[in-house]
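[1] A predicted structure for the sequence below; I have some questions about it.
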Amino acid sequence: MGFRVQTTLKSTFTMVGSGLHSGRPARLRVMPAPADFGVEFRRVDVTDMDNRIPARFSLVNDTQLCTRLSNEAGVEIATVEHLMAALAGCGVHNAIVEIDGPEVPIMDGSAARFVKEILSAGVVELHTPVKVLRILKTISVSEADAFAELSPSEDFEIDFEISFADKAIGQQKHTLNMKNGSFVRELSDCRTFCMFSDVEYMKSIGLARGGSLANAVVIDDGKVLNPEGYRRVDECVRHKMLDALGDLALAGVPVIGRYHGIRAGHRMTNLLLRAVFSAPDSYEIVEVTHQQSAHLPGVGISNSVLEVAV
């Protein structure tokens with residue numbers, strides 16, 4: 001039996017790290033929240049205006065190499081996708097995230113540390129049914145050679161393809177049904193990646209100031225510069241799937257449908273959610289059924305899964 005009711009954390013956890021792009025240190029506290037609350041970021045370093053930023057796709061104001069949210073007061077929080085993926089992948093529907101800086105810490109470049117803290121804190125059921133975003137009609141968006149699509153399915157699946165000229169990445173494709181804790185086992189440890197030739201450009205426009213081999217896979221002329229190499233042979237496409245899960249979590253409820261991405265990134269997934277919610281006949285938000293509840297991300301995860309995966 002899966003979760004038919006919403007969940008939150010059993011206890012609060014705290015993490016400290018630096019932002020990948022800002023390079024600024026930040027402390028975050030992830031705390032329990034009531035049913036129907038969703039996920040909300042609170043910039044505790046901002047005290048002279050509204051510092052609450054709901055984790056919603058409609059508040060995304062930048063998607064250049066990360067997902068950034070902004071509230072009506074202009075208060076921002078960047079690089080939310082890995083934490084959002086961890087919460088969604090562990091089946092946490094409601095949480096308050098207090099943070100004292102403008103960017104979620106990058107940790108090791110994956111979602112593994114977030115997952116470890118979530119599962120150590122524990123997940124508790126609330127007494128309100130889970131609602132899901134059920135895709136009724138295929139919706140797709142495209143720009144240049146990038147493509148993203150949501151189509152009807154009885155499960156939540158992610159299907160992703162990437163293609164890079166550098167042979168250290170090349171063409172990669174992976175498909176994963178997100179039930180039975182598959183996110184924790186198959187995706188959560190996969191790190192963000194970049195080309196060494198792009199690093200100087202990113203820094204020139206104020207990005208990647210906190211980047212290093214400790215929090216990103218760096219590729220240069222057919223080689224992985226990290227001494228340990230890849231964690232998985234297709235780590236790059238799996239990280240893209242991790243990002244997609246985090247960005248889809250900004251729908252505010254779990255998705256029942258199939259996501260297909262080709263060379264897609266944060267921008268394409270956000271455009272896709274906007275397209276879905278702009279087409280009322282393409283979706284419905286309904287209480288999860290018994291059958292669907294067993295297929296939601298996070299169901300079946302335990303500390304034994306944690307020990308094996310992260």
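    Cool, the structure landed. Owing to the predicted nature of the structure, the values given are computational and were not obtained by experimental measurement.
[2] wait, what's in contact with the nearest residue to residue 167 once chain neighbours are set aside?
    Nearest non-adjacent residue to residue 167, counting by CB to CB, 6 or more residues apart in numbering: residue 222, 4.7 Å away. The C-beta positions use only the backbone N, C-alpha and C, and glycine is treated the same way. Each residue near residue 222 by CB atoms under 8 Å, 6 or more residues apart in numbering is listed here: 166, 167, 168.
[3] would you say the first one is within a helix?
    No: counting by DSSP: H, G, I helix; E, B strand; the rest coil, one finds residue 166 to be coil, located in no helix.
[4] name the element the spatially closest residue to it that is not a sequence neighbour belongs to?
    Excluding the flanking residues, the one nearest residue 166 by CB to CB, 6+ apart is residue 219, at 5.6 Å. Residue 219 belongs to strand 217-220 when assigned by DSSP states H and E.
[5] Tell me how far that strand lies from the chain's centre.
    22 Å (CA atoms, centre = their mean, to the nearest Å).
[6] now what about that strand, what contacts it?
    109, 166, 168-169, 191-197, 199, 224-226, 230, 235-236.
[7] now residue 109: how far from residue 68?
    18 Å (CB to CB, to the nearest Å).
[8] and what of residue 250?
    11 Å.
[9] go on, residue 242?
    Applying CB to CB to residue 242 and residue 68 gives a distance of 17 Å.
[10] Of these two, give the one with the bigger neighbour count.
    Neighbours per residue, other CB atoms under 10 Å: of residue 242 and residue 68, the larger number sits with residue 242, 29 against 22.
[11] Next up, the contacts around that one.
    Per CB under 8 Å, 6+ apart, neighbours of residue 242: 81, 82, 85, 110, 111, 183, 187, 188, 190.
[12] now, which of these sits nearest residue 278?
    residue 81 (22.0 Å; CB to CB).
[13] Please work out how many residues are found near that closest one.
    With other CB under 10 Å as criterion, residue 81 counts 26.
[14] so where is the stretch 201-310 of the chain shaky, pLDDT-wise?
    Residue ranges of the stretch 201-310 of the chain with pLDDT under 70: 207-209, 302-310.
[15] For it, which segments count as strands?
    217-220, 223-224, 255-262, 283-287 (DSSP state E, counting those that start in this stretch).
[16] how far is the longest one from where the chain is centred?
    Using CA atoms, centre = their mean, the distance from the centre of strand 255-262 to the centre of the chain it belongs to is 14 Å.
[17] picking that back up, considering the contacts of residue 222, which possesses the most neighbours?
    Greatest neighbour count in the contacts of residue 222, by other CB under 10 Å, goes to residue 168: 19 neighbours.
[18] so that one makes contact with residue 224?
    Yes: with contact defined as CB atoms under 8 Å, residue 168 reaches residue 224; the gap is 5.7 Å.
[19] Now the common contact residues for those two.
    In contact with both residue 168 and residue 224: no residue, using CB under 8 Å, 6+ apart.
[20] For residue 226, which residues are in contact?
    Neighbour list for residue 226: 213, 217, 218 [criterion: CB under 8 Å, 6+ apart].
[21] Residue 9: which of these is nearest?
    Among the contacts of residue 226, and counting by CB to CB, the member closest to residue 9 is residue 217, at 29.7 Å.
[22] and that closest one, bridged to which residues?
    residue 193 (DSSP bridges).
[23] do you know how far it is from residue 109?
    From residue 217 across to residue 109, the span is 7 Å (CB to CB).
[24] repeat for residue 250
    Between residue 250 and residue 109 the computed distance is 20 Å (CB to CB).
[25] got it, and residue 226?
    10 Å.
[26] Just name the most buried of the strands of the stretch 201-310 of the chain.
    Highest mean neighbour count among those (mean count of other CB atoms under 10 Å): strand 255-262, with a mean of 22.
[27] Which strands and helices lie in contact with that strand?
    Packing partners of strand 255-262 (3 or more CB pairs under 8 Å, 6 or more residues apart in numbering; DSSP states H and E): strand 131-135, strand 146-151, strand 156-163, helix 235-248, helix 266-277.
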